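In: What follows is a predicted protein model with its sequence.
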Amino acid sequence: GMRADATQLKEGQKIYTQGLANDNIPACAACHGLGADGNGPMAIPALALQHQVYLLTQLDQFASGARRNSPGQVMTSIARAMTKPQMQAVAAYLQQLNPDSTLGIGPKEL
């Protein structure tokens, strides 16, 4: 699998919690929650239990237009503003929020 280094995780945490104003990337946490547990009433998905590869794929699909189910295409424009390394950093940060991610199982499978 992909090993995240400390620098990448710090960058991912910054993007997730604060965003990058200069790059027009808002804080992911503003919608998905600081703990990445999603936002039930608004049907914003939880991200904390997802694997890095899955998250990268979703960001790629938003950027390419293959995935179009974001309200107001919010994620489409955000993903298009992100560089590949920025996507990888956020995905690495989110994957390590989940203590069970290395086992490949989360609470849902138990």
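Out: Sure thing, it's come through.

In: C-alpha from now on. contacts and neighbour counts both.
Out: OK.

In: Contacts only, for the residue nearest to Asn24 when sequence neighbours are not counted.
Out: Of all residues not flanking Asn24 in the chain, Ala81 sits nearest, at 6.5 Å (CA to CA, 6 or more residues apart in numbering). Residues in contact with Ala81, defined by CA atoms under 8 Å, 6 or more residues apart in numbering, are 23-25.

In: measure Ala81 to Gly19 for me?
Out: Going from Ala81 to Gly19 by CA to CA, to the nearest Å gives 11 Å.

In: cool, Pro45 as well?
Out: Relative to Gly19, Pro45 is positioned 18 Å away (CA to CA).

In: So between the two, which is more surrounded?
Out: Gly19 (19 against 14; other CA atoms under 10 Å).

In: Skipping adjacent residues, who's closest to that one in space?
Out: Spatial nearest neighbour of Gly19, excluding adjacent residues (CA to CA, 6+ apart): Ala27 at 3.7 Å.

In: ok, now Ile44?
Out: Gly38 (5.3 Å).

In: my read: that neighbour touches Leu49, true?
Out: No. Assessed by CA atoms under 8 Å, Gly38 is found out of contact with Leu49, at 10.7 Å.

In: Would you show me how to pick out the buried ones of the contacts of Ala81 in ChimeraX?
Out: The ChimeraX command for the buried members of those (criterion: 16 or more other CA atoms under 10 Å) is given here:
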select :25
